[in-house]
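Asks: please work out how this folds:
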Amino acid sequence: MKHSRGFLKLVSDAKRKIKEINVREVRRKMESRDDFLLIDVREEHEWNEGHAAGASHLGRGILERDIETMVPQKTKEIVLYCGGGFRSALAAESLKKMGYQKVFSMAGGWRAWKKARGKVEK
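Replies: Sure, this is the predicted structure:
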């Protein structure tokens, strides 16, 4: 998918303000049973086609509205992912603005997860 210049600028600005984590680090956290949430911010139809095992779903369109109900503790570690790491970067920036202190965007998103043969659920 070809993204517009405006969208790519937003993502680039967001990535300067947030922290990214790669798939290898996320898998290590899972294997170590670290206390964190993995949240898929893709659209519901994308989630239904398959998602990272153990992830929760909170689509980008409702993230800011529902996150405080799902995760009231602002110190909870959260890793967000989307299809390729762009929407999750924007989402991480939003959560950071809302006061969440340990938010990461998974670099490469769902595509990187599948390429690394991460566990998948449907």
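Asks: ranges for the helices of the chain?
Replies: Applying DSSP state H to the chain gives helices spanning 5-17, 23-31, 44-49, 63-70, 86-97, 109-115.
Asks: point out the most buried one among these.
Replies: Of these, the one with the most neighbours on average (mean count of other Cβ atoms under 10 Å) is helix 86-97, at a mean of 22. To be clear about C-beta, it is placed using only N, CA and C from the backbone, and glycine gets the same treatment.
Asks: nearest to Ser56, of the helices of the chain?
Replies: Between Ser56 and the helices of the chain, the shortest gap by Cβ to Cβ is with helix 63-70, which sits at 7.3 Å.
Asks: what's that closest one packed up against?
Replies: Packing contacts for helix 63-70, counted by 3 or more Cβ pairs under 8 Å, 6 or more residues apart in numbering; DSSP states H and E, involve helix 86-97.
Asks: elements contacting the helix it packs on?
Replies: Secondary-structure packing of helix 86-97 (3+ Cβ pairs under 8 Å, 6+ apart): helix 5-17, helix 63-70, strand 77-81, strand 103-106, helix 109-115.
Asks: for the second one, C-alpha coordinates in PDB please.
Replies: What follows is helix 63-70 as a C-alpha-only set of coordinates in PDB (Å, rounded to 0.1, in the frame of the first residue of the first chain):
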ATOM      1  CA  LEU A  63      -8.200   3.300  21.300                       C
ATOM      2  CA  GLU A  64      -8.300   6.700  23.000                       C
ATOM      3  CA  ARG A  65     -11.900   6.300  23.900                       C
ATOM      4  CA  ASP A  66     -11.600   2.900  25.600                       C
ATOM      5  CA  ILE A  67      -8.000   2.500  26.700                       C
ATOM      6  CA  GLU A  68      -8.500   3.900  30.200                       C
ATOM      7  CA  THR A  69     -11.200   1.400  30.900                       C
ATOM      8  CA  MET A  70      -9.100  -1.500  29.500                       C
END
